[in-house]
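*Asks:* got a sequence here, can you build the structure:
(one chain, ligands or ions: 1)
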Amino acid sequence: MKRSKGKVLINLILINMVILVGCSSVKREEKEIRIGVTLYNQEDIFVSSISKAIKEKAKEIEEEDGIRIVVDLLDAKANMFEQSNQVENLIKQKYDVLCVNIVDRTVSATIIDKCKKANIPLIFFNREIVEDDMKRWDKVYYVGTQAKEAGEMQGEMVIDKYKNNKSSVDKNRDGKIQYAILEGEQGHQDTTLRTEYCIKTLYNEGIGLEKVDSETGAWRQTNAQVIMKEWLGKYEEKIEVIFSNNDEMALGAITEIETFNKKNKKNYKPVIIGVDGTEEGLKAIKNGNLTGTVISDAKEQGINILEIAYELSIGKEVNIDKNILRITHKKVVND
Ligand code: BGC
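*Replies:* So this is what the prediction gives:
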């Protein structure tokens, strides 16, 4: 996205004129853009890397354009009520743009209507609001990814491995893949679509499948560890492939499998596929514990959120198809 330096320059000249024309004793005002960001939960590894990128991009533009950009980050601590209050306060304080990583993606209408009334553009990210709500106002944007694509890529990585060497996936050689799914938070678009499409992709390839189990770990490593412990107790080494809706949960499963192997002097190593490409996830691929992941580029998402926010706050028109920007995924495997 190209920003208009000309417009910024004009803005700066106007501001300086105001300062010069204003009385000499008045405190010098500086043009400042204020962007309010509320996160569904700051503890979430993936979301916190998006917010880090938002901040970094703001610094970069500040240095380039010589304009002060304040990015204020708030943590809703997984509480929708708290987040609604945060939004109200940001509106009261007349922030230029709000960026909302909404706790409950089905209830965005009130937030949209409030921002519309105050004429404060709104960018949702990572947690996709429903289509009808997107249509409530033309200054509502969404930045995220194509959830279906991540699921398909997870499936493709297993297909490639299977075609390359069947028994590296179908360890018991029964012509079917015994799989389990570690699901993210229920109701999240990424949970629903990643889960659906990783399996559909294998199915469409005509690969024999047997579902062993699926449980929700709500994106968290510690939850996945508990689930994996339970699965190992129930199924021992039966699961051949674990699809995890994100890397954090895949890492939880890996930790538990390591404990199981040590305790039982085993070398159980199912195929494990994650999503996100977090720092720890990529490390696990390098050291061979994680078979593959789909990179959902948090940095790129953060950069785009900030760029859109900046352009909206300097009054520039933002032309994005249906106001939705999706960053494409990339596959990573350990070769
Ligand atoms: C990521 C998860 C993250 C969730 C938060 C998903 O896109 O894959 O790691 O916890 O977003 O909303």
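*Asks:* how close does Gln86 sit to Lys77?
*Replies:* Using C-beta to C-beta, to the nearest Å, Gln86 is found at 10 Å from Lys77. Every C-beta, even on glycine, is put in place using the N, C-alpha and C of the backbone.
*Asks:* neighbour count winner among those two?
*Replies:* Gln86 (21 against 13; other C-beta atoms under 10 Å).
*Asks:* secondary structure element for that one, which one?
*Replies:* Assigning secondary structure by DSSP states H and E places Gln86 in helix 80-92.
*Asks:* ok, now Lys238?
*Replies:* Secondary structure assignment for Lys238, by DSSP H and E: no helix or strand.
*Asks:* from Glu210, how far off is the residue nearest to it when sequence neighbours are not counted?
*Replies:* Leaving aside its sequence neighbours, Lys238 sits nearest to Gln178 (C-beta to C-beta, 6 or more residues apart in numbering; 5.5 Å). Noted for Gln178: a distance of 5 Å to Glu210, by C-beta to C-beta.
*Asks:* of those two, who's got more company?
*Replies:* Gln178 (22 against 12).
*Asks:* quick check: the more buried one vs Val271, distance?
*Replies:* 11 Å.
*Asks:* following element in sequence after the host helix or strand of the residue nearest to Lys238, please.
*Replies:* Element membership for Gln178, per DSSP H and E: strand 176-183. Where DSSP H and E defines the elements, the next helix or strand beyond strand 176-183 is helix 189-204.
*Asks:* what about the closest residue to the ligand within the stretch 1-150 of the chain, how many neighbours?
*Replies:* Across the stretch 1-150 of the chain, the shortest distance to the ligand (C-beta to the nearest ligand atom) belongs to Phe46, at 3.6 Å. Close neighbours of Phe46, defined as other C-beta under 10 Å, add up to 20.
*Asks:* who is the residue lying closest to it once chain neighbours are set aside paired with across the strands?
*Replies:* Nearest residue to Phe46, sequence neighbours excluded (C-beta to C-beta, 6+ apart): Asp276, at 5.2 Å. Residues in a beta bridge with Asp276, per DSSP bridges, are Ile295.
*Asks:* look up the pLDDT of Asp276 for me, please.
*Replies:* For Asp276, the pLDDT comes out at 98.
*Asks:* identify the residues contacting it.
*Replies:* Residues near Asp276 by C-beta atoms under 8 Å, 6 or more residues apart in numbering: 45-46, 246-248, 293-296, 298.
*Asks:* now do 6 Å
*Replies:* The contact partners of Asp276, taken as C-beta atoms under 6 Å, 6 or more residues apart in numbering, are 46, 246-247, 296.
*Asks:* ok, now how distant is it from the ligand?
*Replies:* Using C-beta to the nearest ligand atom, to the nearest Å, one gets 5 Å for the distance from Asp276 to the ligand.
*Asks:* and for whichever residue of the stretch 51-200 of the chain sits closest to the ligand, the neighbour number?
*Replies:* Residue of the stretch 51-200 of the chain nearest the ligand, by C-beta to the nearest ligand atom: Asp190 (4.3 Å). Per other C-beta under 10 Å, the neighbour tally for Asp190 reads 26.
*Asks:* how near is the residue nearest to it when sequence neighbours are not counted to Ser296?
*Replies:* Spatial nearest neighbour of Asp190, chain neighbours left out: Ala147 (4.7 Å); criterion: C-beta to C-beta, 6+ apart. According to C-beta to C-beta, Ala147 stands 9 Å off from Ser296.
*Asks:* ok so Met228 is a helix residue?
*Replies:* Yes: judged by DSSP: H, G, I helix; E, B strand; the rest coil, Met228 forms part of a helix.
*Asks:* give the contact list for it.
*Replies:* Going by C-beta under 6 Å, 6+ apart, Met228 touches 253, 256.
*Asks:* swap the cut-off to 7 Å and go again
*Replies:* 252-253, 256-257 (C-beta atoms under 7 Å, 6 or more residues apart in numbering).
*Asks:* what of Asp44?
*Replies:* Here Asp44 is in contact with Trp219 (criterion: C-beta under 7 Å, 6+ apart).
*Asks:* up against the ligand, what does the stretch 1-150 of the chain have?
*Replies:* Neighbours of the ligand within the stretch 1-150 of the chain, by C-beta under 6 Å from any ligand atom: 44, 46-47, 126-127.
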